[in-house]
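got a sequence here, can you model it:
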Amino acid sequence: MSESSAFPEHDALHAAARGEDLRAAISTLRSRGERVTAPRRAVLSVLAARADHLTADDVAALLGDGDVHRATVYRTLDLLAASGVVSRQHVPGGAARYHLATTGGRRRHLHGQCTDCGAVVMLPPEALRAAGRTLRAMTGFDWSPDQSTFSGRCATCVDLAR
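Numbers count the residues shown, from 1 in each chain. Take a look at the predicted model:
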């Protein structure tokens, strides 16, 4: 259900200020004219309670049978992602993973997944700003990597390969 915990700094980012992030997510939903229904609150609460990134099936399993229908979980996650309240990460070869979006720029980061061990590592967005500017200058394409997970090798696996 969870990603590798080989990178505790990544988990710590998501563990900090969970209650604050839940309140901010609910406030953001309301400010965008969305209702805060019991299923939406339940899905947000599950995401706020976890430091790891969850698939829709993980969220449904954590909610338990009968509380929120699995199809409702999927629809709710889609709405929350479209509203910017939840971040959706597309993981190569796997199901999309979700976590509460950060507020006010706090703890903003991108994700990289190690192709050797599967660990998920945080990547600072500022490291990719120049690449985004270059891509835009060359092609006119305005790159938004926030929902992507980059593939590569983590530092541990690079060191092991030496």
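
please make it C-alpha for all contacts and neighbour counts, starting now.
Fine.

distance of the nearest residue to S87 once chain neighbours are set aside from A48?
Of all residues beyond its chain neighbours, the one nearest S87 is A101 (4.9 Å), with distances taken as CA to CA, 6 or more residues apart in numbering. As judged by CA to CA, to the nearest Å, A101 and A48 stand 10 Å apart.

how about G94?
22 Å.

between these two, which one's more packed in?
Taking other CA atoms under 10 Å, G94 and A48 do not tie; A48 has more neighbours (24 against 8).

quick one: that one and Y98, what's the gap?
Applying CA to CA to A48 and Y98 gives a distance of 11 Å.

and the residue lying closest to C157 once chain neighbours are set aside, how many neighbours?
Distances taken as CA to CA, 6+ apart place D116 nearest to C157, at 6.8 Å, with adjacent residues excluded. Burial measure for D116: 13 neighbouring residues, criterion other CA under 10 Å.

just checking, D116 touches R153?
Yes: in this structure, D116 is within contact of R153 by CA atoms under 8 Å, at 6.4 Å.

I'd like the next helix or strand past the helix or strand bottoming out on mean pLDDT in the chain.
Taking mean pLDDT, DSSP states H and E as the measure, the helix or strand of the chain with the lowest value is helix 8-15, at a mean of 54. Counting by DSSP states H and E, the next helix or strand C-terminal to helix 8-15 is helix 18-31.

contacts for the helix or strand that comes right after that next one next, please.
Following helix 18-31 in sequence order, the next helix or strand is helix 38-49 (DSSP H and E). Helix 38-49 is contacted from outside by 15, 18-19, 21-22, 25-26, 53-54, 59, 62-63, 68, 72-73, 76-77, 98-100, using CA atoms under 8 Å, 6 or more residues apart in numbering.

please redo it, this time with the cut-off set to 10 Å
Applying CA atoms under 10 Å, 6 or more residues apart in numbering, the contact partners of helix 38-49 are 14-23, 25-26, 29, 35-36, 53-54, 56, 58-60, 62-63, 67-69, 72-77, 79-80, 85-86, 98-101.

list buried residues within those.
14, 18, 21-22, 25-26, 29, 53-54, 56, 58-60, 63, 68, 73-74, 76-77, 79-80, 85-86, 98-101 (16 or more other CA atoms under 10 Å).

in strands, which of those residues appear?
V86, Y98, H99, L100 (DSSP state E).

in the protein, where is pLDDT below threshold?
Where the chain drops to pLDDT under 70, the residues are 1-19, 102-109, 146-147.

now with 80?
Low-confidence regions of the chain, defined by pLDDT under 80, span residues 1-20, 51-52, 65-67, 91-93, 102-110, 119-120, 122, 124-126, 144-149.
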